[in-house]
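A.B. asks: Can you look at this prediction? I've put the sequence above it.
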Number of protein chains: 2
Amino acid sequence: MKKDVIIELETIFKLLGNRQRLTILELLRERAYSVSEIIAILDMEQSAVSHQLKLLREAQLVQTQRQGREILYCLSDSHVLTLLDNALNHVSHVLKQETHEEFLAEEREKNKKG
Amino acid sequence: MKKDVIIELETIFKLLGNRQRLTILELLRERAYSVSEIIAILDMEQSAVSHQLKLLREAQLVQTQRQGREILYCLSDSHVLTLLDNALNHVSHVLKQETHEEFLAEEREKNKKG
DNA sequence: ACTTTATATGAATAGAAATTCATATAAAGG
DNA sequence: CCTTTATATGAATTTCTATTCATATAAAGT
């Protein structure tokens, strides 16, 4: 596989590998939301949300549309949805085997203590 | 969506969001390889490879099997392959800098032919 | 023009992850 | 049992990413 494809994969997975961004994408899956709505619903800092949205925009995972003073964000690409769904499949599959969940619980414990 | 599902998604995407790990997974897609083969083929540091494999193992993305002195690694889960394929779809779309509409048109063409 | 509301951005800092180095373990062969 | 080969791991350091703070821009209402 070519290096630039790997780099692109890395980029998109890196973007998806973040709780805030995943939560935002999950929300946008429903419908378009303005930045202030996202901030209110997800109870996140304005600046943090704006920075995360910038990253998602730059990677073309979301699209924007101005509406008066507000800016509406929506998912730009059905691939992203498919990707999320697939990952969910993997996750639920792994959860059924229950060892992965045990591992995560362990990790969380480690993080508490460390 | 529940918080722990988001955390699971974050975990797996974070793992996939790394060039070395992606390259290793890409290689293992072919067949099982020993650690030393991976090191030689991908021209990476022994320690780095070992650390990455540890992470992939802990997340159950790969499985191991001892064969004498060597340890063979292989993919443990077809979901991971699907996930990678999906991401590749997204990536090739982004690389071509197509719009969403162009992409959908293409997909419709593929479906006609396929 | 001035103020308010909505969003974006640059820069500094804090926090997380990757890399490297040294060392440990484990199997195989003499 | 000592050496070699294969792999793993802990700890220190470097590098990357996230968060926060201050400020900027932009539209709308007054």
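C.D. replies: That came through, no problem. Numbering: from 1, shown residues only, chains lettered A, B, ... in the order given.
A.B. asks: okay, now the nearest residue to A:Asn18 once chain neighbours are set aside: neighbour count?
C.D. replies: For A:Asn18, ignoring the flanking residues on the chain, the nearest one in space by CB to CB, 6 or more residues apart in numbering or on different chains is B:Glu10 at 6.4 Å. (Glycine included, C-beta is placed from N, CA and C.) Applying other CB atoms under 10 Å in any protein chain shown, we find 19 other residues in the vicinity of B:Glu10.
A.B. asks: Doesn't B:Glu10 lie inside a helix?
C.D. replies: Yes. Assessed with DSSP: H, G, I helix; E, B strand; the rest coil, B:Glu10 lies in a helix.
A.B. asks: Correct me if wrong: it contacts A:Lys14.
C.D. replies: No. Because the distance of 11.2 Å does not satisfy CB atoms under 8 Å, B:Glu10 is recorded as not touching A:Lys14.
A.B. asks: what's the burial count for A:Glu58?
C.D. replies: Other residues near A:Glu58 come to 11 when the count uses other CB under 10 Å.
A.B. asks: ok, now how distant is it from DNA strand C?
C.D. replies: According to CB to the nearest atom of the strand, to the nearest Å, A:Glu58 stands 9 Å off from DNA strand C.
A.B. asks: same check, this time on A:Asp43
C.D. replies: As for A:Asp43, its distance to DNA strand C is 14 Å (criterion: CB to the nearest atom of the strand).
A.B. asks: which residues does that residue contact?
C.D. replies: With contacts defined as CB atoms under 8 Å, 6 or more residues apart in numbering or on different chains, A:Asp43 has no neighbours.
A.B. asks: ditto for A:Leu42
C.D. replies: A:Leu42 touches A:Gln20, A:Thr23, A:Ile24, A:Leu27, A:Val49, counting by CB under 8 Å, 6+ apart.
A.B. asks: now A:Leu28
C.D. replies: Contacts of A:Leu28 were listed using CB under 8 Å, 6+ apart, and they are A:Val62, A:Tyr73, A:Cys74, A:Leu75.
A.B. asks: where does the third one land in three-state SS?
C.D. replies: Reducing the assignment at A:Cys74 to three states with three-state DSSP gives strand.
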